[in-house]
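> Prediction below, plus the sequence it came from.
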Amino acid sequence: MNAHLTAIDDLFRRAGIGPAAAKRQDRPSAAPRALDGRDLTRYLRACERAALRDRAIAFTEMYAGTRGGETVALDLDDLRLSAKKGTVIVRFGKGGRYREIPAHPKLLTVLQQWLTLRATWPGSLDSNALFLNHHGGRLSVRGAYAILVAIADHADLDIGVDAAFTPHALRHTAGTTMVRAGTDIVIVAEILGQSLETTRRYSLPTQQDKEQAVLHIPVDE
C-alpha cells in the first residue's frame, strides 16, 4: 500500500499539482491469527487420523513452532531424542539464527515413531533429510504446505489468508499458547527464533477476546 501511495505522490508531483492528499493509516494492532480451542481440537484430532509422516510434520510445526522452511530443512542430525526427552535443532532459522527447541512429549513420541517408519521408506538411505517425499528426496516447502492444508480440510476448517487456518497459524498457536500461559516472552522468542517485539504480539487481543470482553458490560433488563 505504501508503495502505491509513493507512486501516486510521484505522479502528482510530476504533474505539478503537489503531493497526493492521501492519508496513510496505521494497521490495527491485533494478535497473529491462531487456532482457537475448538478449531485446535479438531485439527489435532485430524492429525491423529493422518499418515504418520504427515502427523509428524504437523506436530513439528505445532509443538516446536517451526516455520515451514525450517521444518523441511531438518536433517536426521538435527534431532536428539532419548526415551523421555528430546531436542529439535534449527541450524539456520530466519536471519541465520541457530536455536534448540525442547521436544514436547507429544512431538517426541511421533518423531520416534516416524524415525522407525522412515528407516523403511524408499530411498531413505540416500538422504539425510528428516522428512522425505514419496520418491525418497527431501520434502519441499510446497509439499509440506499441501500436507498441512489437507489435514485442515479433513478437520473441516476454513482455509485461506482470512480464514481460520493457514499453515503458519500452527506456529502462531504455539506462540500464543505459551505467552498466554504466562511463559516469559524472552523464552518464547528464543523457542520460536524471533524478536521480542514480534513475540509481544501474541499477548495482543484477538477479535474473539474483544467480543467476549463487551459481553461483560452489565445490562439493566
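It's in.

> The closest residue to residue 102 other than its chain neighbours in helix, strand or coil?
Closest residue to residue 102 apart from its sequence neighbours, by C-beta to C-beta, 6 or more residues apart in numbering: residue 87 at 6.2 Å. C-beta coordinates here come from the backbone N, C-alpha and C atoms, glycine included. Classification of residue 87 by DSSP: H, G, I helix; E, B strand; the rest coil places it in strand.

> Contact partners for residue 87?
79, 80, 81, 100, 101, 102, 103 (C-beta atoms under 8 Å, 6 or more residues apart in numbering).

> which residues sit in contact with the residue nearest the centre of the chain?
Taking C-alpha atoms, centre = their mean, the centroid of the chain lies closest to residue 171, which sits 2.4 Å from it. When contacts are counted by C-beta under 8 Å, 6+ apart, residue 171 touches 61, 65, 66, 67, 192.

> What of residue 54?
47, 147, 150, 151 are the contacts of residue 54 under C-beta under 8 Å, 6+ apart.

> now the strands: where do they sit in this structure?
79-81, 86-90, 99-102 (DSSP state E).

> Show the average pLDDT along stretch 185-200.
Stretch 185-200 shows a mean pLDDT of 93.

> can you pull out the helices in this protein?
With helices called from DSSP state H, the chain shows them at 2-14, 37-49, 52-63, 68-73, 105-118, 141-154, 168-180, 185-192, 196-200, 207-214.

> Out of those, indicate the one that is most buried.
Stretch with highest mean neighbour count among those: helix 52-63 (a mean of 23; mean count of other C-beta atoms under 10 Å).

> Could I have the CA atoms of that helix written out in PDB?
What follows is helix 52-63, C-alpha atoms only, in PDB (Å, rounded to 0.1, in the frame of the first residue of the first chain):
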ATOM      1  CA  LEU A  52       2.400 -40.900  10.400                       C
ATOM      2  CA  ARG A  53       4.800 -38.700   8.300                       C
ATOM      3  CA  ASP A  54       2.100 -36.100   7.800                       C
ATOM      4  CA  ARG A  55       1.300 -36.100  11.500                       C
ATOM      5  CA  ALA A  56       5.000 -35.700  12.400                       C
ATOM      6  CA  ILE A  57       5.200 -32.600  10.100                       C
ATOM      7  CA  ALA A  58       2.100 -31.100  11.600                       C
ATOM      8  CA  PHE A  59       3.200 -31.800  15.200                       C
ATOM      9  CA  THR A  60       6.700 -30.300  14.500                       C
ATOM     10  CA  GLU A  61       5.200 -27.000  13.400                       C
ATOM     11  CA  MET A  62       2.600 -27.000  16.200                       C
ATOM     12  CA  TYR A  63       4.700 -28.200  19.200                       C
END
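
> Check what pLDDT the residue nearest to residue 102 gets.
97.

> Against residue 77, how distant is it?
12 Å (C-beta to C-beta, to the nearest Å).

> now swap in residue 95 and tell me
22 Å.

> just to revisit the earlier point, so can I have TSV of the contacts of residue 87 showing neighbour count, pLDDT and distance to residue 9?
As requested, these are exported to TSV (neighbours: other C-beta atoms under 10 Å; pLDDT from 0 to 100; distance: C-beta to C-beta, whole Å):
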residue	neighbour count	pLDDT	distance to residue 9
79	18	97	52
80	12	96	54
81	16	94	56
100	13	97	47
101	22	97	45
102	14	96	50
103	23	96	51
